[in-house]
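Asks: A predicted structure for the sequence below; I have some questions about it.
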Amino acid sequence: RSFPNGAQDFSSTIQNWNDLYRFDALFLAGDMPEGAAFVAQARKMGFTAPIISGDGLDTAQFITAAGDASEGVVLPETFVHDHSRPAYSRFYTLFTQKYQTPPRTNHARGYDAVHVIAQAIRQANSTEPDKIAKALHATRGWHGATGEFTFDDKGDIPDKPIGLKVIRDGKFETLK
């Protein structure tokens, strides 16, 4: 089922599911704040199946907004917020200074995208798209906030690891 941006009442959908279906798990491709409201309502209405989310809920604000209902929600971990990595630490510091809130996964991805393109423009010494693309394809071992980037000749980033994390005791915990 889908719901519009800004929706806050999911009770009829949740009640329908509780009455008619039995789930092994629920995949929620939601974003904030609707995703937090959905999870909180579902748990309050007795929905006990595990909830697996997309990265739209990969934010500390989800834990705060959903409260205890966030416990056990599983999310993808496309990168680890690791302050020991200089590129992440720099990004985190710049972001929190400017916005007074911790960054989300999407923020780090956007930051990396802009910076790796800027690096390719410098490498190509050009703003011509074909030259930038060639420089991107040649990029190997570039360190960004989300980790290391190495592109293949087609421009893909092969084997960038994606893990899973779960919310336990109000915090994200990497699943091994």
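Replies: Okay, I see it. Numbers count the residues shown, from 1 in each chain.
Asks: residue boundaries of the helices in this structure?
Replies: If DSSP state H is used as the criterion, the helices of the chain fall at 11-20, 34-44, 60-66, 86-99, 105-124, 129-137.
Asks: Pick the most deeply packed of these.
Replies: Mean neighbours per residue, mean count of other C-beta atoms under 10 Å, is largest over these for helix 34-44, with a mean of 21. Heads up, the C-betas are built off the backbone N, CA and C, glycines and all.
Asks: Just the CA atoms of it, as CSV, please.
Replies: In CSV, the C-alpha atoms belonging to helix 34-44 read as follows (Å, rounded to 0.1, in the frame of the first residue of the first chain):
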residue,chain,number,x,y,z
GLU,A,34,5.3,9.5,7.9
GLY,A,35,7.4,6.3,8.4
ALA,A,36,7.8,7.0,12.1
ALA,A,37,4.0,7.7,12.5
PHE,A,38,3.2,4.5,10.6
VAL,A,39,5.5,2.3,12.8
ALA,A,40,4.2,3.9,16.0
GLN,A,41,0.6,3.4,15.0
ALA,A,42,1.2,-0.2,13.8
ARG,A,43,2.8,-1.2,17.1
LYS,A,44,0.1,0.6,19.1
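Asks: and the angle from that helix to helix 11-20?
Replies: Computed by axes from the mean of the first three to the mean of the last three C-alpha atoms, to 10 degrees, the angle separating helix 34-44 from helix 11-20 equals 40 degrees.
Asks: For helix 34-44, name the packing helices and strands.
Replies: For helix 34-44, the packing partners by 3 or more C-beta pairs under 8 Å, 6 or more residues apart in numbering; DSSP states H and E come out as helix 11-20, strand 26-28, strand 51-53, helix 60-66.
Asks: 6 Å instead?
Replies: Applying 3 or more C-beta pairs under 6 Å, 6 or more residues apart in numbering; DSSP states H and E, we find helix 34-44 packed against helix 60-66.
Asks: For P33, give me its contacts.
Replies: Listed by C-beta atoms under 6 Å, 6 or more residues apart in numbering, the contact set of P33 reads A65.
Asks: ugh, typo on my part, it should be M45
Replies: Taking C-beta under 6 Å, 6+ apart, one finds I14 in contact with M45.
Asks: ok, and the closest non-adjacent residue to the residue of the chain most remote from its centre?
Replies: Distance from the C-alpha centroid of the chain peaks at N125, with 32.5 Å (C-alpha atoms, centre = their mean). Nearest residue to N125, sequence neighbours excluded (C-beta to C-beta, 6 or more residues apart in numbering): K131, at 7.9 Å.
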